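*Asks:* model the following, please.
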Amino acid sequence: MIIILHAVIGIIAFIGAGMLATSFAGQIDQLTALQKWSLIVTVSAIGITAVLGLYKTTGGPVALICLVLLGFFEFMCFFKKPRHHEAK
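*Replies:* Numbers count the residues shown, from 1 in each chain. Predicted coordinates for the structure are as follows:
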């Protein structure tokens, strides 16, 4: 029962980290350096924890794909500059 509860709480934390990262996408430059890197480290740590869990249960190839997807997600949320459309 404890393992199931641990997995459920981990899934909730993973979803919450994804929502947190998505909510700051395009606005990350408005944060201070400490706020920005705290957000990046938190989301990365939760994501890497999920990837390690997948590695333990499914093996290397699936975990590698998830690690690449996590990196792409974090790049899109934290490092990609938003496009500004000019009003006509």
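*Asks:* which SS class is Ala7?
*Replies:* helix (DSSP: H, G, I helix; E, B strand; the rest coil).
*Asks:* and it, how many residues sit next to it?
*Replies:* 11 (other C-beta atoms under 10 Å). Every residue, glycine included, has its C-beta placed from N, CA and C.
*Asks:* for it, give me its contacts.
*Replies:* Listed by C-beta atoms under 8 Å, 6 or more residues apart in numbering, the contact set of Ala7 is empty.
*Asks:* and if you look at Phe24?
*Replies:* Applying C-beta under 8 Å, 6+ apart, we find Phe24 in contact with Leu31, Leu39, Cys77, Phe78.
*Asks:* so the second one is in which element?
*Replies:* Applying DSSP states H and E as the criterion places Leu39 in helix 33-58.
*Asks:* what comes up buried for the helix or strand that that helix is followed by?
*Replies:* Using DSSP H and E, the helix or strand that follows helix 33-58 in sequence is helix 60-74. Buried residues in helix 60-74, counting neighbours by 16 or more other C-beta atoms under 10 Å, are found at Ala63, Cys66, Leu67, Leu70, Phe73, Glu74.
*Asks:* put together CSV for those, with distance to Ala7 and pLDDT on each row.
*Replies:* Below are these laid out as CSV (distance: C-beta to C-beta, whole Å; pLDDT from 0 to 100):
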residue, distance to Ala7, pLDDT
Ala63, 16, 85
Cys66, 16, 87
Leu67, 19, 90
Leu70, 18, 89
Phe73, 21, 89
Glu74, 23, 88
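*Asks:* closest to Val8 out of the residues you listed?
*Replies:* Val8 lies nearest to Cys66 out of the buried residues of helix 60-74, by C-beta to C-beta, at 19.0 Å.
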